[in-house]
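Undergrad: fold the stuff below for me.
(2 chains)
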Amino acid sequence: MLTIQSLREEKDLVIRALEKRHFDAKDSIEQILQWDAERRATQSKLDDALAKSNELSREIGGLMREGRKEEAEAIKAQTATYKSISSDLKEQMHALEGKIHEALCHIPNAPHDSVAKGRNADDNVEVFRSGDASTLEHHQKPHWDIADQCGLIDFELGAKVTGAGFPFYRGKGAKLQRGLIRFFLEKADDAGYEEFIPPHMINPDSGFGTGQLPDKEGQMYHMADDDLYMIPTAEVPLTNIYRDVVVREAELPIKLCGYTPCFRREAGSYGKDVRGLNRLHQFDKVEIVQFAHPAKSYETLDAMVEHVKGLLEALELPYRILRLCGGDMGFTSALTYDFEVWSAAQERWLEVSSVSNFETYQANRLKCRFKGADGKSHLVHTLNGSALALPRIVAALLENHQDAQGIRIPEALVPYCGFERIDF
RNA sequence: GGAGGUUUGGCAGAGUUGGUCGAUUGCACCGGUCUUGAAAACCGGCGUACCGCAAGGUACCGGGGGUUCGAAUCCCUCAGCCUCCGCCA
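TA: Okay, here's the model as predicted:
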């Protein structure tokens, strides 16, 4: 969430930035600042009342030690008024803090200067394109037909055992999956990201830390008995490693990566969006996460974008990079680049990665700070990106690299898969 | 799942017959003296957050709640860790 300091210091800037999301924050920010002023005034009064009763208690302590019981009793009588004053003030404080917190939670991150205003995906700005995004003239089969014909992925079996959106990968389909995961992890390792295998369930505190809660509660699978959520992305456990942690400035940037399955309820999706591998309830992803110095986080973002580009180049897939407009950006992000690969048979772009800088928005919730040269604590900037999400990559590989006889595995991937082709 | 123990500042570790305890001490860390430099020794400093222009004040001894004029110290509750038993890949 936004820091109260940023609202105090640069309210107008924040309001103007949020307009790019078509989010009118003016009233709620004014309200928050008013509550904040009340809160501070209340705290002063509360502190005074507590100071007074602490003082009386010390006096009583002194008198009791000296055995002057009656005098002590007399002072005791005075404490009652301060006690009721301070308990009233405490209540007011908590109420105000609660309201401020609640209101802050409902304001999305302020977009970076470079973010366009825009309403939806149509207003995203294409900043880079690579490869030939044309339609295949012959043998163009959508990936679900190929997956079925070659026995790579069994959607019906998944539907029987679990439900729609939980496919089985089998044979070369499973090996391709495993090969891609290894390929992505090795590349992340080469780039200096430390590998983690995190838990696949998280508690509510972690969900709050990265911003899934309370905003996206309905998108996660929830285990009611234990109050745990299935992770929607490795971002959540990886980023929460540094919840309530003060790091040394010299440690930054901290680079983590991890492979996990991801679980999403995808409530409200339908039609061609969910056909085949386009949208699943469980999918595999390698995620990269960085904790960066605020002065350097946009360099870091650029480096992460370059890393993802390198992966897509190696897989020889046509892709483009979009800078998301205000209206299409996630709630917690300040700047997001989406990567989309071309699906030759579907003739559409499929999102395979989203690389974002959250600036201090997550760090403020996480309370992840570093001690600066000035001796003071500062919030870090957090960033993350998919590198990469598997299903749509598999879809694009199957569709774009098909010929009359089958599928060609890109050279870079062959050592990880152990085969060069998948024959029809 | 059952029984017992435990949870204190970056780490280690005092303090639990409630009363100048936000907390002894050691290590680590920072500054200084000494030294050509370093080590050692000695001296000083050293938790976090909030309120306040400041002086200063308030809160925090796993989380939450309670008793009390007053709680790290007592009670309840939840969680983590350790030991034993049970169950189990």
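
Undergrad: contacts and neighbour counts: CA atoms only from here.
TA: Will do.

Undergrad: give me the contacts around stretch A:252-270.
TA: A:181, A:185, A:188, A:192-198, A:200, A:218-221, A:230-234, A:238, A:280-293 (C-alpha atoms under 8 Å, 6 or more residues apart in numbering).

Undergrad: distance between the ends of it?
TA: 42 Å (C-alpha to C-alpha, to the nearest Å).

Undergrad: check which residues of it are buried.
TA: For stretch A:252-270, a neighbour-count test (16 or more other C-alpha atoms under 10 Å) marks A:252-265 as buried.

Undergrad: just those residues: which are in strands?
TA: A:254, A:255, A:256, A:257, A:258, A:259, A:260, A:261, A:262, A:263 (DSSP state E).

Undergrad: kindly check the end-to-end length of stretch A:407-419 for me.
TA: Distance between the boundary residues of stretch A:407-419 (C-alpha to C-alpha) amounts to 11 Å.

Undergrad: would you map the helices across the stretch 251-400 of chain A?
TA: According to DSSP state H, counting those that start in this stretch, the stretch 251-400 of chain A carries its helices in the segments A:297-314, A:361-366, A:390-400.

Undergrad: with respect to RNA strand B, which of the ones you listed lies nearest?
TA: Closest to RNA strand B of the helices of the stretch 251-400 of chain A is helix A:361-366 (C-alpha to the nearest atom of the strand; 10.6 Å).

Undergrad: can the closest one be said to contact RNA strand B?
TA: No - residues of helix A:361-366 contacting RNA strand B under C-alpha under 7 Å from any atom of the strand: none, with a closest distance of 10.6 Å.

Undergrad: packing partners for that helix?
TA: With contacts taken as 3 or more C-alpha pairs under 8 Å, 6 or more residues apart in numbering; DSSP states H and E, helix A:361-366 sits against helix A:204-210, strand A:381-389.

Undergrad: how far does that helix sit from the chain's center?
TA: In terms of C-alpha atoms, centre = their mean, to the nearest Å, the centre of helix A:361-366 is found 11 Å from the chain centre.

Undergrad: send the alpha carbons of it over as PDB?
TA: Extracted in PDB, the C-alpha atoms of helix A:361-366 (Å, rounded to 0.1, in the frame of the first residue of the first chain):
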ATOM      1  CA  TYR A 361       4.000  -0.600  -2.400                       C
ATOM      2  CA  GLN A 362       4.600  -4.200  -1.400                       C
ATOM      3  CA  ALA A 363       7.600  -3.300   0.800                       C
ATOM      4  CA  ASN A 364       5.400  -1.100   2.900                       C
ATOM      5  CA  ARG A 365       3.100  -4.000   3.600                       C
ATOM      6  CA  LEU A 366       5.900  -6.400   4.000                       C
END
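
Undergrad: would you mind checking the average pLDDT for that helix?
TA: Mean pLDDT, helix A:361-366: 93.

Undergrad: sorry, back to before: out of the contacts of stretch A:252-270, which end up buried?
TA: Using 16+ other C-alpha under 10 Å as the burial test, the contacts of stretch A:252-270 include A:181, A:185, A:188, A:193-195, A:198, A:200, A:219-221, A:230-234, A:238, A:280-293 as buried.

Undergrad: which helices and strands does the lowest-mean-pLDDT helix or strand in chain A pack with?
TA: When each helix and strand of chain A is scored by mean pLDDT, DSSP states H and E, strand A:246-248 comes last, with a mean of 85. Where contact means 3+ C-alpha pairs under 8 Å, 6+ apart, strand A:246-248 is packed against strand A:369-371.

Undergrad: what residues does chain A have near RNA strand B?
TA: Neighbours of RNA strand B within chain A, by C-alpha under 7 Å from any atom of the strand: A:40-41, A:43-44, A:46-48, A:50-58, A:60-62, A:64-65, A:76, A:79-80, A:83, A:376-377.

Undergrad: which elements pack onto the one helix or strand residue A:95 maps to?
TA: Here residue A:95 sits within helix A:69-105, counting by DSSP states H and E. Under the contact definition 3+ C-alpha pairs under 8 Å, 6+ apart, helix A:69-105 sits against helix A:26-65.

Undergrad: before we move on, back to that, and the buried ones among the contacts of stretch A:252-270, which of them are in strands?
TA: Counted as lying in strands by DSSP E, out of the buried ones among the contacts of stretch A:252-270, are A:194-195, A:230, A:282-292.

Undergrad: which one of the residues you listed is nearest RNA strand B?
TA: Using C-alpha to the nearest atom of the strand, residue A:230 comes nearest to RNA strand B of these, at 16.7 Å.

Undergrad: tell me who's in contact with the one residue in the stretch 101-250 of chain A that gets nearest to RNA strand B.
TA: Using C-alpha to the nearest atom of the strand, the single residue of the stretch 101-250 of chain A nearest to RNA strand B is residue A:246, 8.1 Å away. Contacts for residue A:246 (C-alpha under 8 Å, 6+ apart) come out as A:368, A:369, A:370, A:371.

Undergrad: let me see the domain layout of chain A.
TA: For chain A, the structural domains run A:4-105, A:121-423, going by automatic domain parsing.

Undergrad: now do the first one: distance to the chain's middle.
TA: The chain centroid and the centroid of domain A:4-105 are separated by 32 Å under C-alpha atoms, centre = their mean.

Undergrad: average pLDDT across it?
TA: 91.

Undergrad: span of that domain from start to end?
TA: With C-alpha to C-alpha as the measure, domain A:4-105 spans 11 Å from end to end.

Undergrad: quick check, pLDDT for the residue nearest to residue A:343 when sequence neighbours are not counted.
TA: Distances taken as C-alpha to C-alpha, 6 or more residues apart in numbering put residue A:396 closest to residue A:343, at 5.2 Å, once the chain neighbours are dropped. The score at residue A:396 is 94. That number is its pLDDT.
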